[in-house]
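In: below: sequence and its predicted model.
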Amino acid sequence: MGPDEFAYDLPEAAIGQVPLADRAAARLLVDMGDGPQHLTVADLATLVGPGDLLVVNDTRVLPARLRLRRDTGGAVEVLLLEPVDRTDTDSAGRWLALVRPSRRVPCGTSLSAGDDLVVTVEDDLGDGRRVVRLDAPDGVLSAVSHHGEMPLPPYLTTPLDDPERYQTVYSDRPASAAAPTAGLHLTEEVLDDCRAAGARIERLELVVGLDTFRPVTVENLDDHEMHTEAYSVPPATLDACREADRVIAVGTTTVRALESVSANGPTGRTDLFIRPGYEFGVVDVLMTNYHLPGSTLLVMLEAFVGPRWRDLYALALAEGYRFLSFGDAMFVSRATP
């Protein structure tokens with residue numbers, strides 16, 4: 001299987017450019033194997049009950065896009081992806097980053113955004129990826145929060161008025177280069193309604209990094225290289241998964257973390273590429289947004305629901321659903337073998 005098998009026509013007008021005023025007003029296309037339903041995220045509690053477990057990714061997005069200048073005055077953009085040496089974001093000195101324009105920024109280049117942040121380019125890893133060193137006397141988080149911008153995907157061209165709208169309401173540790181977008185729809189009221197319906201809600205963390213930006217380009221999926229991402233699944237979440245009748249993953253990043261535990265343990269790094277033929281061991285139901293053509297996330301969706309994703313995407317487009325990060329969502333059951 002190659003990228004052409006995960007292609008579809010996505011009109012520009014179908015891309016949700018701005019978040020809805022009410023997160024939970026996002027539309028929700030439901031398909032549990034007995035035909036599609038059109039609901040909203042506010043109706044999520046009607047789909048869950050006792051024995052159900054919702055698992056969310058509580059990572060928080062860093063304002064990781066830095067617009068810096070060289071000593072000569074030239075502009076350089078640095079997108080921080082994750083710390084190289086430490087998990088403590090605020091004390092991390094060396095970071096994996098994307099640098100633009102990469103070819104014009106040799107190793108050893110010093111970049112600055114003011115007296116409180118100096119970025120030195122250290123190693124060239126290829127494909128625009130660099131290791132950079134951050135020197136920030138008042139702490140990395142303070143400097144990045146002061147100078148950084150939300151790293152919105154390139155298909156979002158409308159400025160974001162409120163940066164918190166690119167964060168989930170339960171976001172915790174600032175670490176990610178992109179949001180776990182399925183969770184953007186959830187509100188405290190929706191989560192409380194799910195609990196009242198008898199469902200349990202637990203958390204994990206997967207730090208969303210470089211692979212969010214990398215489409216499948218190889219003709220054979222087995223040749224696609226996944227960069228690793230850090231994750232941590234707490235003991236309470238693992239116990240809840242074992243006890244649940246249904247595990248409902250909110251977002252593809254949650255799926256990737258949960259399905260990585262059996263091979264890599266509850267905490268570590270994962271390069272798991274879920275593709276057709278993968279045997280799911282944990283997740284029964286997936287709540288997810290609509291993804292870019294040719295993306296690894298769409299490949300995962302086919303592995304989860306089978307080829308019916310094409311009919312669901314065609315229906316969503318015909319019904320005017322909004323696609324991608326600020327778009328609507330779907331709630332689907334895993335295909336039975």
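Out: Arrived safely. Note that the structure is a prediction, hence the values are computed from the model and not measured.

In: please state the offset of stretch 206-225 from the chain centre?
Out: 13 Å (C-alpha atoms, centre = their mean, to the nearest Å).

In: likewise stretch 18-35?
Out: Using C-alpha atoms, centre = their mean, the offset of stretch 18-35 from its chain centre is 18 Å.

In: low pLDDT regions in this structure?
Out: 1-3, 86-92, 210-214 (pLDDT under 70).

In: spatially central residue for it, please.
Out: For the chain, the residue nearest the mean C-alpha position is Pro180 (3.5 Å; C-alpha atoms, centre = their mean).

In: name whatever forms a beta bridge with the nearest residue to it once chain neighbours are set aside.
Out: Excluding its sequence neighbours, the residue lying closest to Pro180 (C-beta to C-beta, 6 or more residues apart in numbering) is Asn57, at 4.1 Å. For the C-beta atoms, the positions are set from N, CA and C on the backbone; glycine is no exception. On the basis of DSSP bridges, Asn57 is bridged to Leu204.

In: who's in contact with Asn57?
Out: 168, 180, 183, 203-206, 208, 250-251, 253-254, 257 (C-beta atoms under 8 Å, 6 or more residues apart in numbering).

In: with secondary structure added, can I get these in TSV?
Out: Formatted as TSV, these follow (DSSP: H, G, I helix; E, B strand; the rest coil):
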residue	secondary structure
Thr168	coil
Pro180	coil
Gly183	helix
Arg203	strand
Leu204	strand
Glu205	strand
Leu206	strand
Val208	coil
Val250	strand
Gly251	coil
Thr253	helix
Thr254	helix
Ala257	helix
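
In: what is the neighbour count of Asp116?
Out: Look at Asp116: counted by other C-beta atoms under 10 Å, it has 15 neighbours.

In: if I look at it, how far off is Val233?
Out: 36 Å (C-beta to C-beta, to the nearest Å).

In: again, but for Thr187
Out: For Thr187 relative to Val233 (C-beta to C-beta), the value is 24 Å.

In: more neighbours: these two, which one.
Out: Between Thr187 and Val233, counted using other C-beta under 10 Å, the more crowded position is Val233 (24 against 17).

In: I'd say the more buried one and Ser262 touch.
Out: No: counting by C-beta atoms under 8 Å, Ser262 is not a contact partner of Val233; they are 10.9 Å apart.

In: residues in contact with the residue nearest to the centre of the chain?
Out: Per C-beta under 8 Å, 6+ apart, neighbours of Pro180: Val56, Asn57, Thr59, Thr168, Leu206, Val208, Val250, Gly251, Thr253, Thr254.

In: check Gly294 too.
Out: Pro3, Phe6, Ala7, Pro215, Val216, Thr217.

In: check which helix or strand covers it.
Out: Using DSSP states H and E, Gly294 sits in no helix or strand.

In: over to Ala249?
Out: With DSSP H and E as the test, Ala249 turns up in strand 246-250.

In: mind listing the strands that strand pairs with, and their directions?
Out: Going by DSSP bridges, the partners of strand 246-250 are strand 52-57 (parallel), strand 285-289 (parallel).

In: gap between the following helix or strand past the shortest one and the chain center?
Out: Scanning forward in sequence from strand 285-289, with DSSP H and E defining helices and strands, the next element found is helix 296-305. Taking C-alpha atoms, centre = their mean, one finds helix 296-305 lying 14 Å from the centre of the chain it belongs to.

In: since that was my last question, I'll sign off now.
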